[in-house]
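Undergrad: Everything below, folded, please.
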Amino acid sequence: MAKVRSRYVCELCGHVEPKWMGKCRGCNSWNSLVEELVAPKATKNQRTSDALKPSGKPTRLSELSLVQEKRTSTSISEFDRVLGGGIVPGSVVLVGGEPGIGKSTLLLQLAGHLANSGQKVLYLSGEESLSQIGMRARRLGVEGKELYLMVETRLEHLTEHVKKLEPDVLIVDSIQTIATTQLTSAPGSVAQLREVTAALTQQAKGSGLSTFLVGHVTKDGAIAGPKLLEHMVDTVLYFEGRHGMPFRILRAVKNRFGSTNEIGVFEMRGRGLVEIPDPSRIFLAERPEDASGSAVVCTFEGSRPLLVEVQALVTPNSYGPPRVTAIGVDTNRVLLMLNILEKRTRLKVTGHDVFINIAGGVKVAEPAVDLGLVAAIASSHLDVAINQGVVLFGEVGLTGEVRAVGQGSARLSEASKLGFSTCVLADGNLKTMTSEGETLPNIDYKGVHTVEDALRHLFGGGG
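TA: Below you'll find the model as predicted:
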């Protein structure tokens, strides 16, 4: 009998060590190595028989049929947007998010929509009982004759049920609860996650079964398990939301069948998640009037222009070293804008606490929000409100120049649709749109070259 050996695998990056170590040498994370039993090596006869199996036939590129893959609509337009237009047959989608964020709710609603459209859906749960799933389904108003529910934690049993039922869509909630009897390690371990995901992926590709896997996340917000898990699937989606806020954002970080820049916006209500087709109007609905430290910027998420409110609070520090805190935007970006203001304008924020918040729980990373950050900080520091009808966008360089950003006309159209009367933007954007003969909305434009020009337009003096 072959001796059972063990090794230690990093849960975050998949790095392998022969013995336990406190720190992973692959990703430098602490206490991430877990023990994994190694399966006995294949015998010489087994290796020979595997080598004699026929392999795929080489095919000329010119002989390939380039027919576009037919997609299945989920009947949830925000979900379709993130997937790239719908579900591709045989695709494997991994959905991650914090506990209680609404992953199970979203996928159960998805299952109900698909079942109502004639798709046969198998919803498998390894964490809840059938009665719990049934109560949630009734609360959400989920129905469908072709929606089947099952509670199972063994991969072999799941595979048998899939063969008998032959569903069009399989939903597994969650992948960390499923285990195979071929391994002795516990469910959720690195070895089990890798083996189960590989088996479900192979099943999906072989039968055209569209598969959705729910994944738990670590305290750092990443899907639990090695990065190899994300490489094995076709699409990785993160379901995000700030605690205490009703808004949820579905974001793709990997998508073999579409863009990774698209987002879907939902609102959690008593009867489940509701799509928000016009998120800009929702995010600006509670914007205070005539309040200093508030600026509206137009950012882009995929193909969608999005207007969000940047809030800033700048106050003299009286409780120790000055602090800079940012929610919804990179703190390093805020520090950069503060230093540009100090160097390129007469605005002095040294010795002040600075707090930045993107209202509505949105996270923005586009450089086009730089001008809005600068304006909000200056507004709070001067205690002068920015006119309610003003929207801004533009990248700010280290020398204090305001640079043009892409999709300028689309941003202006979104601002005009929501009733804004003035737009402060990079002069380069304005010249480009004018020279190309683009039809611009009927609002007032203020093209600026530098940060100081922008402050002069907004406050009349530049600080």
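Undergrad: list the contacts for the closest residue to residue 142 other than its chain neighbours?
TA: Nearest non-adjacent residue to residue 142, counting by CB to CB, 6 or more residues apart in numbering: residue 112, 3.5 Å away. Where you see a C-beta, it was placed from the backbone N, CA and C, and this is true even at glycine. Residue 112 makes contact with 137, 140-144, 147 under the criterion CB atoms under 8 Å, 6 or more residues apart in numbering.
Undergrad: Let's see that with 10 Å instead.
TA: By CB atoms under 10 Å, 6 or more residues apart in numbering, the residues touching residue 112 are 75, 121, 123, 137, 140-144, 147, 272.
Undergrad: which one among those gets closest to residue 434?
TA: residue 75 (42.2 Å; CB to CB).
Undergrad: Do you know the pLDDT at the closest one?
TA: According to the prediction, residue 75 has pLDDT 93.
Undergrad: what about it, neighbour count?
TA: 15 (other CB atoms under 10 Å).
Undergrad: Can you tell me the element the nearest residue to it once chain neighbours are set aside falls in?
TA: The spatially closest residue to residue 75, leaving aside those adjacent along the chain, is residue 113, at 4.0 Å (CB to CB, 6+ apart). Per DSSP states H and E, residue 113 falls inside helix 103-116.
Undergrad: again with residue 452
TA: Per DSSP H and E: helix 451-459 holds residue 452.
Undergrad: tell me the average confidence for that helix?
TA: On average, helix 451-459 scores 94.
Undergrad: starting at the chain centroid, how far to it?
TA: 34 Å (CA atoms, centre = their mean, to the nearest Å).
Undergrad: Next one, pLDDT for residue 67 please.
TA: For residue 67, pLDDT reads 60.
Undergrad: cool, residue 286 as well?
TA: 87.
Undergrad: Could you pull up the contacting residues of it?
TA: Taking CB under 10 Å, 6+ apart as the contact definition, residue 286 lies against 309, 359-360.
Undergrad: List the residues that contact residue 377.
TA: Shown in contact with residue 377 (CB under 10 Å, 6+ apart): 293, 295, 310, 312-314, 334, 337-338, 341, 347, 349, 352, 354, 356.
Undergrad: Check whether it sits in a helix, strand or coil.
TA: helix (DSSP: H, G, I helix; E, B strand; the rest coil).
Undergrad: what does residue 236 give?
TA: strand.
Undergrad: Distance-wise, check the nearest residue to it once chain neighbours are set aside relative to residue 438.
TA: With CB to CB, 6+ apart as the criterion, residue 236 has its nearest non-adjacent residue at 4.1 Å, and that residue is residue 254. Taking CB to CB, to the nearest Å as the measure, residue 254 falls 34 Å from residue 438.
Undergrad: what about the two, which has more around it?
TA: With neighbours defined as other CB under 10 Å, residue 254 and residue 438 compare such that residue 254 has more, 14 against 11.
Undergrad: which neighbours does the lengthiest strand in the chain have in its sheet, and in what orientation?
TA: Scanning the chain for the longest strand, with DSSP state E as the assignment, gives strand 304-316. Paired neighbours of strand 304-316 in the sheet (DSSP bridges): strand 294-301 (antiparallel), strand 352-358 (antiparallel).
Undergrad: Restricting to C-alpha, output it in PDB.
TA: The C-alpha coordinates for strand 304-316 follow below in PDB (Å, rounded to 0.1, in the frame of the first residue of the first chain):
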ATOM      1  CA  ARG A 304     -22.300  53.500 -18.900                       C
ATOM      2  CA  PRO A 305     -21.700  57.100 -17.800                       C
ATOM      3  CA  LEU A 306     -22.400  57.400 -14.000                       C
ATOM      4  CA  LEU A 307     -22.900  60.600 -12.100                       C
ATOM      5  CA  VAL A 308     -21.900  60.400  -8.400                       C
ATOM      6  CA  GLU A 309     -21.500  62.800  -5.600                       C
ATOM      7  CA  VAL A 310     -18.000  63.400  -4.100                       C
ATOM      8  CA  GLN A 311     -18.200  64.600  -0.500                       C
ATOM      9  CA  ALA A 312     -15.300  66.200   1.400                       C
ATOM     10  CA  LEU A 313     -14.900  67.400   4.900                       C
ATOM     11  CA  VAL A 314     -11.700  69.400   5.700                       C
ATOM     12  CA  THR A 315     -11.400  70.500   9.300                       C
ATOM     13  CA  PRO A 316      -8.500  71.900  11.500                       C
END
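Undergrad: How far away from the center of its chain is it?
TA: On CA atoms, centre = their mean, the centre of strand 304-316 falls 20 Å from that of its chain.
Undergrad: And that strand, what's buried?
TA: 304-314 (16 or more other CB atoms under 10 Å).
Undergrad: Now it: average pLDDT?
TA: pLDDT averaged over strand 304-316 gives 94.
Undergrad: next structured bit after it?
TA: strand 324-327.
Undergrad: which secondary structure elements does that next one contact?
TA: Here strand 324-327 touches strand 304-316, helix 331-344, strand 352-358, going by 3 or more CB pairs under 10 Å, 6 or more residues apart in numbering; DSSP states H and E.
Undergrad: quick one: strands adjacent to it?
TA: Partners of strand 324-327 in its sheet, by DSSP bridges: strand 352-358 (parallel).
Undergrad: buried ones in the strand it pairs with?
TA: Residues of strand 352-358 classed as buried by neighbour count (16+ other CB under 10 Å): 352-358.
Undergrad: Export these as TSV, with columns for distance to residue 374 and pLDDT.
TA: Formatted as TSV, these follow (distance: CB to CB, whole Å; pLDDT from 0 to 100):
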residue	distance to residue 374	pLDDT
352	15	94
353	17	95
354	12	96
355	15	97
356	11	97
357	16	96
358	15	94
